[in-house]
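Participant: After the sequence you'll find the predicted model.
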Amino acid sequence: MRICFYLLFFFLHVNAGCRLKGNKDIQITAYTGDSVLLPCSCTDLHTKPQIFTWSKYDKKDKWIKISPESDQYTNKFQLVNESSGYSLFISHVTGNDDGYYMCMNEVGEIRYIRLIVEGCKLTEKLVYVTGYVGQSVLLPCSCSDLQAKPHTFTWLFYKDFQYKEIYPKDQTNLYTGRVQLINDHPGNLSLLISQLTLKDEGYYRCEIRKIITDVPLVVKDAPIWPLTSTPIITTTNSTSESLPFIPFAVVTAIFLHIIVAVVYCSTRKKGLKNSLLQQR
């Protein structure tokens, strides 16, 4: 009897197959340039589906089957072989990956996943910047969401009546080794230019899929700052030059006092002598 019960339980378990986990649609947000995992698995962790398919809803109102083995999806989609299912791994997310995805098991059970891709939206349209010869300057450009990294972007410089690329490729041969990105956040696309010259003055442009931020740059001569040692030298010299005049002034004053005293005494004696003669 017990053996029959086990056989019946095993038969029902096999027929049940894979029951997909969850019963609601899932919404996932990813950023351009990142990777994302779309989960889909069986409720029973020890049950693995015999047939498992992923599809993406096309704009032409139809579902397109995703086959990671095909050349179209190579290095883009990958099935993560789990014990209870096959989740879909998407690398190098772009705006085209945004949309609805569907996973389905062998019995036709379906789960839908809504993937929202947040792209880069530039924060500024026009920014004025001033730099100085021989120094470095930062040309600002960033996404409104600093976690959103654009798939491709370029920095351009207006030269010879047209915009020429200077980053990531330098078509002018004037910026090689002098430009670099500030990579503190994925969405920070600001460009640092070092060793500025007067020829660097002009119009720069940060461009993402024809969305632009213009950055006019004014380059001025380097300011001449006063040396910190100058006041010290001046003060020291003026003090050392005034020191010899102090004892000379004292001696002069004493000498004048002596002369006045001598004149006063001689005048007084002469006056007393005259008064005595008159009394006689």
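Facilitator: That came in fine, so what should we check first?
Participant: just the helices in this protein please.
Facilitator: For the chain, applying DSSP state H gives helices covering 2-16, 229-242, 245-279.
Participant: low-confidence ranges in the stretch 51-200 of the chain?
Facilitator: Where the stretch 51-200 of the chain drops to pLDDT under 70, the residues are 83-84.
Participant: give me every residue that touches A30.
Facilitator: For A30, the contacting residues are V36, I90, V93, D97, L115, I116, V117, E118, taking Cβ atoms under 8 Å, 6 or more residues apart in numbering as the criterion. Where C-beta positions appear, they are placed from N, C-alpha and C, glycine not excepted.
Participant: What is the most widely separated pair among the residues you listed?
Facilitator: Put simply, by Cβ to Cβ the two of the contacts of A30 set farthest apart are I90 and E118, 14.2 Å from each other.
Participant: follow-up on the earlier one: among the helices of the chain, show the one with the smallest mean pLDDT.
Facilitator: Note on those: lowest mean pLDDT is at helix 229-242, with a mean of 34.
Participant: I'd like to know which of the contacts of A30 are buried.
Facilitator: Buried by 16 or more other Cβ atoms under 10 Å: V36, I90, V93, D97, L115, V117, E118, out of the contacts of A30.
Participant: For K56, list the residues it contacts.
Facilitator: By Cβ under 8 Å, 6+ apart, K56 lies in contact with W63, I64, I66, G99, Y100, Y101, M102.
Participant: any idea how far V218 lies from L192?
Facilitator: Distance, V218 to L192, using Cβ to Cβ, to the nearest Å: 17 Å.
Participant: re the thing from before, out of the buried ones among the contacts of A30, which one sits closest to T152?
Facilitator: Within these, distances to T152 taken as Cβ to Cβ reach their minimum at V93, with 13.4 Å.
Participant: Surely that closest one and T29 touch.
Facilitator: No - checked against Cβ atoms under 8 Å, the pair V93 and T29 is beyond contact range at 10.4 Å.
Participant: Which residues are in contact with each of those two?
Facilitator: With contacts defined as Cβ under 8 Å, 6+ apart, the residues adjacent to both V93 and T29 are V117.
Participant: Setting the sequence-adjacent residues aside, check what's closest to G187.
Facilitator: Using Cβ to Cβ, 6 or more residues apart in numbering and skipping the chain neighbours, the partner closest in space to G187 is C143 (3.4 Å).
Participant: Might one say that the one you found is in contact with S190?
Facilitator: No - at 11.0 Å, C143 does not count as touching S190 under the criterion of Cβ under 8 Å.
Participant: Please point out which parts of stretch 210-223 sit buried.
Facilitator: Those would be I212, T213, D214, V215, P216, L217, V219, for stretch 210-223 by 16+ other Cβ under 10 Å.
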